[in-house]
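Asker: how does the following fold in three dimensions:
(one chain, ligands or ions: 1)
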Amino acid sequence: MSWDSSLEIGIEVIDNQHKELIAAVENSILTDSAQKGYDVFHSTMDFLESYVLQHFSDEESFQKYSNYPNYSVHKSLHEDLIQDLNEIKNQIDREGLNPKIIQAVNQFLLDWVIHHVSSADMQFGKYYRKWNSENMNQSSNIEREKVTT
Ligand SMILES: [Fe+2]
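Answerer: So this is what the prediction gives:
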């Protein structure tokens, strides 16, 4: 798995965040030895801790701003991902680190990228690009009206 331009939404800040996420997924999944696994795991969890809420709230802001009709459905998908992540954190508190949990985190990250970024986020990207181009046309129409009147 790696970043490619087919995953672009067309909003620079969101695309950069997705790139960061995919780099973290690659890093986490490609890790093989057990000790290295635990080290990478800690940095993956630290990354997710600071990343998830910020990223989802940024994405949702752009959706609200562009009147995205699937906003509430998309927001609830984010809430599901946050809940999954919280469950993983609780599991770590209960059981400590073990290969099963690392596996669960990797699976969580893969599901997120495969089922969310490359489907739900892409849908929004498609909508946003259309909305943006229509809005740009509108504002250029307004500019033209100003010029001609
Ligand atoms: Fe999303």
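Asker: and the next helix or strand past the helix or strand containing Ser61?
Answerer: Taking DSSP states H and E as the criterion, the element that holds Ser61 is helix 34-65. Using DSSP H and E, the next helix or strand after helix 34-65 towards the C-terminus is helix 71-95.
Asker: how far off helix 71-95 does the helix holding Ser61 point, in degrees?
Answerer: Interaxial angle of helix 34-65 relative to helix 71-95 (axes from the mean of the first three to the mean of the last three C-alpha atoms, to 10 degrees): 160 degrees.
Asker: buried residues in helix 34-65?
Answerer: Of the residues in helix 34-65, those buried by neighbour count under the rule 16 or more other C-beta atoms under 10 Å are 37, 40-41, 44-45, 47-48, 52, 55-56, 59-60, 62-63. For glycine as for every other residue, the C-beta is placed from the backbone atoms N, C-alpha and C.
Asker: which one of those residues is nearest to Asn27?
Answerer: Comparing those against Asn27 with C-beta to C-beta picks out Val40 as the nearest, at 6.2 Å.
Asker: was I right to think that closest one contacts Thr31?
Answerer: Yes: look at Val40 against Thr31 with C-beta atoms under 8 Å: they come within range, at 4.4 Å.
Asker: sorry, back to before: who are the packing partners of the helix holding Ser61?
Answerer: Judged by 3 or more C-beta pairs under 8 Å, 6 or more residues apart in numbering; DSSP states H and E, helix 34-65 is in contact with helix 12-29, helix 71-95, helix 99-111, helix 122-148.
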